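Participant: What follows is a predicted protein model with its sequence.
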Amino acid sequence: MKALSFVFAAAIAAAAVTGPATAAEFEWRMDVNLVETRPEAKLLGAFAERINSNAGGRLEIKTFYGGSLGIKSADTLRALKAGSVEMAQLYAGYFGRDAPDLALALVQGAILDPQENIEIQPTVQEIYREFYEDWDVDIVGWILANSFSISVMCRDEPINSLAQLKGKKLRVWAKDQVETFEKLGVAAQIVPQNDLYVAMQTGVVDCALYVLGIAHTISLQEVTDYAASLHTYSVVPSAVGVSGKYWKELPKDLQDVVLEAGQWMYAESLRTINDTSAEDAAREKFLASGELEVLPPFSAADRKTFYDAAVEVWADSAKEVGRKAPEYQANVTEALAKIRSGK
């Protein structure tokens, strides 16, 4: 009994010395609108882990994926400005209500080849940074999706032409896409990716614009039967923004930790931006398994027709929205022209 009492007393003494685990001085939540299985989401998670590792226990970032914080994608800017969340991934395509001019800085269909996605980034990111500052949001990093090919993925019918799309209900993710397809005689509607599986399953839409290489991350192959490439994805950068309220409270040395992680994340994005291995592997897998039939791509004529419509809608929408949209559209168009003239 004496030995047992000694052990018990020693345990109590040790607990008194060590105490409970010390909470971080700063605890932040990061809202990520992507599902956790997306490659970009994994990199955002690694960004948070890098901060946690280098902050010496003083700053802890907890990452919440796929809307699990209850913040709708369209409301992210408002949540940051109000200080309702400390940090968030910002994708301009979802901000048509609060930032219609920003959403028109670069539109889908305007990029002709993957290399343009890299060369246009400085112009686009400077526009974004200035805009977010007006919302009292500090940008601490950028993340780029791969320069995937955007496919039209359909249920029931094999579709790989604009003519075949007419009469179908098509899912898109941005307002300019709705207007581009409207110009082409195709009915399109915005469906957030977190709602896309059910929308396809229940027939809300017949087809969806999506990336074949990451379709499995939301099990889209379970509710679609065919896929055909239409255009090169315009890599609209996602910013990682911090509410100005919380950024100002963070000591300079911890700000440096966050910014270093942001630089690392962007370098990783650039390193893999033109990696087509995921898309190639997905195509081979679907071809081998029969889960999904990969059709020949849309014709060169259809791709040109789509590009012309997208560029026309881009210019028209910028004029209609006003504010800084015409300036943004002109700056990016001019930069693209310079890039192409140098090829």
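Facilitator: In hand now; what should we look at? Numbering: from 1, shown residues only.
Participant: Let me see the residues that make contact with stretch 45-56.
Facilitator: If you take C-beta atoms under 8 Å, 6 or more residues apart in numbering as the criterion, stretch 45-56 is touched by 24, 30, 32, 36, 59-63, 141, 143, 240, 254, 257-258, 260-262, 264-265, 268. Backbone N, C-alpha and C define where each C-beta goes, glycine included.
Participant: buried set for that stretch?
Facilitator: Neighbour counts over stretch 45-56 (16 or more other C-beta atoms under 10 Å) mark 45, 47-48, 50-52, 55 as buried.
Participant: from those residues, which ones fall inside helices?
Facilitator: Among the buried residues of stretch 45-56, DSSP state H puts 45, 47-48, 50-52 in helices.
Participant: Same list (these) but as a markdown table, adding distance to residue 180 and pLDDT.
Facilitator: Output for these, formatted as a markdown table (distance: C-beta to C-beta, whole Å; pLDDT from 0 to 100):
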| residue | distance to residue 180 | pLDDT |
| --- | --- | --- |
| 45 | 33 | 97 |
| 47 | 33 | 98 |
| 48 | 35 | 98 |
| 50 | 38 | 98 |
| 51 | 38 | 98 |
| 52 | 41 | 98 |
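Participant: Tell me the one of those nearest residue 315?
Facilitator: Nearest to residue 315 among those is residue 47, at 35.4 Å by C-beta to C-beta.
Participant: how near is that closest one to residue 321?
Facilitator: With distances taken as C-beta to C-beta, to the nearest Å, residue 47 is found 32 Å from residue 321.
Participant: Using PDB, list the CA coordinates for the strand or helix carrying residue 312.
Facilitator: Using DSSP states H and E, the element containing residue 312 is helix 300-321. Output in PDB follows, covering the C-alpha atoms of helix 300-321 (Å, rounded to 0.1, in the frame of the first residue of the first chain):
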ATOM      1  CA  ALA A 300     -11.400  22.700 -83.300                       C
ATOM      2  CA  ALA A 301     -14.300  24.600 -84.800                       C
ATOM      3  CA  ASP A 302     -16.400  24.200 -81.700                       C
ATOM      4  CA  ARG A 303     -13.500  25.200 -79.500                       C
ATOM      5  CA  LYS A 304     -13.000  28.400 -81.500                       C
ATOM      6  CA  THR A 305     -16.700  29.200 -81.400                       C
ATOM      7  CA  PHE A 306     -16.600  28.800 -77.600                       C
ATOM      8  CA  TYR A 307     -13.500  30.900 -77.300                       C
ATOM      9  CA  ASP A 308     -15.000  33.700 -79.400                       C
ATOM     10  CA  ALA A 309     -18.200  33.700 -77.400                       C
ATOM     11  CA  ALA A 310     -16.300  33.700 -74.100                       C
ATOM     12  CA  VAL A 311     -14.200  36.700 -75.000                       C
ATOM     13  CA  GLU A 312     -17.200  38.600 -76.300                       C
ATOM     14  CA  VAL A 313     -19.200  38.000 -73.100                       C
ATOM     15  CA  TRP A 314     -16.100  39.000 -71.100                       C
ATOM     16  CA  ALA A 315     -16.000  42.400 -72.800                       C
ATOM     17  CA  ASP A 316     -19.700  42.900 -72.700                       C
ATOM     18  CA  SER A 317     -20.100  41.900 -69.100                       C
ATOM     19  CA  ALA A 318     -17.300  44.200 -68.000                       C
ATOM     20  CA  LYS A 319     -19.000  47.100 -69.600                       C
ATOM     21  CA  GLU A 320     -22.400  46.100 -68.100                       C
ATOM     22  CA  VAL A 321     -21.000  45.600 -64.500                       C
END
